[in-house]
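Undergrad: Sharing a model that was predicted from the sequence below.
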Amino acid sequence: LRINFSLSSRAIALPLRQLTRGSSAGSSQPVCFAATMGGDDRKLHLVSWNVTSWARSLKLIKQHHGSLIQWMDSHAIDILALQEVKTTDAKLVSEPGLLGADNDGLDSFWCPCQTKQSRGFNGVATFARRGLTRSANRRALNDPDLDAEGRCIVTDHGAFVLVNVYVPNSRGGSQLFFKMRFLHALRRLIDSHRDNSREVILCGDLNLKYRPADLHWSFRSVEVARLLASPLPPASDTVGLGVVQKLEKAWPMLRPLLAARFVEQKITRNSKTGQQYQKYKLCIRTPDGDKVELGQPFETSERAMHYCSVEGHFVTNEGEGSQGGTGCGDGAGGERTGHGESTGNVCEKDVLQLYPPDTLSVGELVECLKKSRVLAPASVLRGEEVDWLANHAARSTGVSHDWMIDLLASDMVDTFAALRPDATDRFTCWDQYKNKRYVNEGTRIDYFVVPRRMFDRHVSEGGPLDPLDDSEGSDNCSAAAAAVEDAAEAGATYTGIDSRGLPYDPNSAVAAARAATGCGRWRQAPFEGGGLGDAKREDYRPPHTGMLYLPPPYSDHIAITLLLERVANVAPLTLEQTAATKETQPHKKQSKLSSYFRPKTAASREAATKSSKSLAGPIEGKQLAPASGGGPGTPTASAVAPTSAAKPRARLCSETGAATTGPSQRCGDAAPGSAQLKRARSETLIASSKTLGSQTAPSSHNQQAAAAAAPRRQQRRSSAPQPTNRAPNKLQKREKSQQSLLSFFGTPS
């Protein structure tokens with residue numbers, strides 16, 4: 001059985017078994033798995049996403065979907081882990097709606113950056129359906145400096161513990177020691193939970209790549225000296241043999257040229273606007289002495305010199321990069337060095353290796369061989385030779401690579417790599433400043449990592465990598481879906497063969513490129529300005545383990561997904577009100593200002609009731625309480641007389657000429673509606689609000705003292721001249737602001 005329903009004008013076909021979640025009839029939005037599934041079919045759909053600014057991303061989500069909860073419903077998300085939310089505790093208190101922290105049906109847990117130099121940056125947060133979370137902790141690394149960075153939050157969901165992290169970027173090596181310090185604290189945290197027999201899910205932006213497949217082919221590293229020192233490829237590998245033979249001839253000439261490279265300034269000009277920029281270009285001399293440029297113009301001379309570097313890159317513990325020298329241990333070449341213990345330092349020495357000597361990216365090596373003229377034009381690497389170099393000779397290197405390898409060796413699983421081992425060019429992050437997403441030149445740096453036992457028992461693939469292919473009857477974005485549309489326009493039927501005459505392959509680079517751009521719907525930003533435009537349309541599909549391609553304006557990252565099945569102890573859970581959990585919810589810490597005007601105890605509640613009766617007179621246009629006898633909490637019959645009662649005849653005061661309206665009003669007292677009466681009402685309101693804000697009822701002695709002082713204040717004020725057409729004095733301004741405050745909160749009850 002199948003059910004077809006519409007999601008944001010997109011028709012999606014889902015098996016009926018995936019919809020048995022208690023949703024109401026006719027609902028056009030899927031609901032979370034955990035809400036209604038029971039028995040052995042309990043499922044959870046987890047999503048991790050680096051948003052690079054949650055306020056901006058959420059604003060677009062609300063524009064396109066109405067609300068955060070509706071967007072989560074459309075993708076059937078149960079738990080949403082965010083990185084780089086870029087907020088503060090103060091913003092969460094003052095503007096929780098701007099950040100989605102006050103959503104009904106969701107619990108949110110926050111870890112903003114607390115350091116003075118980075119406050120408002122970094123930050124992680126986890127949203128979960130109400131009843132899925134037991135506790136949260138944003139000081140889990142047990143290192144004050146690291147915890148203050150706002151890079152790690154831990155939430156307990158009963159069946160597992162979710163560790164949501166945003167790992168520091170090494171920034172070209174300057175932050176490599178700090179990054180490794182964070183990674184080792186993270187490893188200790190994971191091990192501590194596993195030692196307590198807890199299942200741990202690590203998710204987030206790890207800012208590392210441990211497989212060549214996690215980078216675009218042009219970014220992958222080749223250790224040329226190691227490759228040439230290794231045994232030759234087998235005789236059957238004619239392409240590999242040809243590549244090695246060319247490098248054996250070219251490298252002895254090319255390396256000295258790269259070692260003598262130099263930097264020159266270059267002025268570039270925007271062809272659209274005419275604006276000029278000062279850049280730096282990297283140059284080498286050919287064997288004939290000609291000068292040639294390598295790479296694109298760079299922002300700084302240091303970045304230019306790092307391009308095509310053959311000296312290697314090492315970092316000291318002061319955070320300063322250096323080229324040349326000896327690396328940490330014998331780790332040259334990116335092999336495991338044995339110093340990556342989870343509880344120890346990454347290296348006993350004071351130098352860490354970012355990449356070893358004689359290492360170039362595939363793109364750099366191909367460019368250098370072409371421009372340096374060390375090979376004849378007909379001998380430069382092309383086509384299948386470049387593919388062999390990227391897929392067979394490239395290696396991942398560096399200490400962060402070693403950390404990831406060590407973590408996976410401890411019986412942990414990278415879920416995407418395990419379930420999608422043949423996927424090509426599936427990246428999660430691109431340089432949008434250079435529009436690299438539209439040529440699919442990116443990296444995969446976002447991960448879900450789970451214990452092996454949990455992977456075997458609960459992790460599910462959940463469907464194809466792309467949004468549903470042709471066999472599932474979907475019109476969502478995929479290479480196959482595009483072929484379906486093309487065939488339909490031509491009046492033909494798609495048979496599973498694409499425009500090149502090849503069967504559709506969801507693991508191909510073509511499929512990955514089409515998914516990254518929404519089948520061409522998401523267009524790049526023009527270089528002359530104007531931004532990315534408005535990409536409303538998203539692809540919807542059943543929950544799965546893989547990637548969730550979101551429009552480029554949302555973020556320079558896409559989301560990654562994890563589908564768990566047969567999960568025990570899912571819901572409902574009671575959120576523990578521990579100090580650690582409360583700290584992760586700053587939007588709930590600060591009560592609203594109106595709460596300070598509510599009585600807190602039975603005694604203060606009784607006093608508030610009395611005071612509200614006395615307030616009824618001046619607020620509703622009735623008489624004030626008599627000047628003699630009783631206070632604001634002891635109203636008299638005249639004070640609470642209905643407005644429809646006969647009003648007493650007015651008389652004139654012999655001293656001031658002011659009108660009085662009753663025997664209880666003495667000469668000099670304010671007449672109803674005058675400025676004096678308004679001030680008296682304001683004082684009464686302020687006095688009553690202070691009474692309501694206290695924890696206990698005021699004493700009768702204080703009430704009598706206030707009542708005795710009130711007429712004397714009124715007489716002094718009324719005796720003063722009241723000129724007209726004059727700017728209000730400080731007292732009037734203060735009383736006006738007090739009245740505005742009270743009118744905002746209304747009458748306490």
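TA: Happy to help now that I have it.
Undergrad: From here on, just use CA atoms for contacts and neighbour counts.
TA: OK.
Undergrad: longest strand anywhere in this structure?
TA: strand 276-285 (DSSP state E).
Undergrad: quick one: low-confidence parts of the stretch 251-400 of the chain?
TA: In the predicted model of the stretch 251-400 of the chain, residues 318-349 satisfy pLDDT under 70.
Undergrad: let's go with 80 and repeat that
TA: Residue ranges of the stretch 251-400 of the chain with pLDDT under 80: 271-272, 317-350, 397.
Undergrad: likewise the stretch 101-250 of the chain?
TA: For the stretch 101-250 of the chain, the ranges with pLDDT under 80 are 172.
Undergrad: residue boundaries of the strands in it?
TA: 106-111, 124-129, 135-137, 152-156, 161-166, 200-205, 221-223 (DSSP state E, counting those that start in this stretch).
Undergrad: cool, and the stretch 351-500 of the chain?
TA: Under DSSP E, counting those that start in this stretch, the stretch 351-500 of the chain gives strands at 351-355, 359-361, 412-414, 429-430, 442-443, 446-451, 459-460.
Undergrad: Check those strands for me and report the most buried one.
TA: Highest mean neighbour count among those (mean count of other Cα atoms under 10 Å): strand 351-355, with a mean of 27.
Undergrad: Can you tell me the strand partners of that strand and which way each runs?
TA: Here strand 351-355 is paired, per DSSP bridges, with strand 313-316 (antiparallel).
Undergrad: buried ones in the helix ranked longest in the chain?
TA: Determined from DSSP state H, the single longest helix within the chain is helix 238-259. Within helix 238-259, the residues that qualify as buried are V239, G240, V243, V244, L247, A250, W251, M253, L254, R255, L257, L258, counting by 16 or more other Cα atoms under 10 Å.
Undergrad: Output the very next helix or strand once past that helix as CSV, nothing but the C-alphas.
TA: Later in the chain than helix 238-259, the nearest helix or strand by DSSP states H and E is strand 262-269. What follows is strand 262-269, C-alpha atoms only, in CSV (Å, rounded to 0.1, in the frame of the first residue of the first chain):
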residue,chain,number,x,y,z
PHE,A,262,58.5,33.8,-4.8
VAL,A,263,55.6,36.2,-4.3
GLU,A,264,54.7,39.4,-6.1
GLN,A,265,52.0,42.0,-5.6
LYS,A,266,49.2,42.1,-8.1
ILE,A,267,46.3,44.6,-8.5
THR,A,268,43.0,43.0,-9.6
ARG,A,269,40.0,44.7,-10.8
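Undergrad: Now do strand 262-269: everything it contacts.
TA: Residues outside strand 262-269 that contact it (Cα atoms under 8 Å, 6 or more residues apart in numbering) are 275-284, 297, 301, 304-305.
Undergrad: Quick check: PyMOL command selecting the buried ones in these.
TA: In PyMOL, this line selects whichever of the contacts of strand 262-269 come out buried by 16+ other Cα under 10 Å:
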select buried, resi 279+280+281+282+283+284+297+301+304+305
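Undergrad: pLDDT score assigned to the closest residue to F121 other than its chain neighbours?
TA: Nearest residue to F121 in three dimensions, chain neighbours excluded: K86, at 4.3 Å (Cα to Cα, 6 or more residues apart in numbering). Note on K86: pLDDT of 95.
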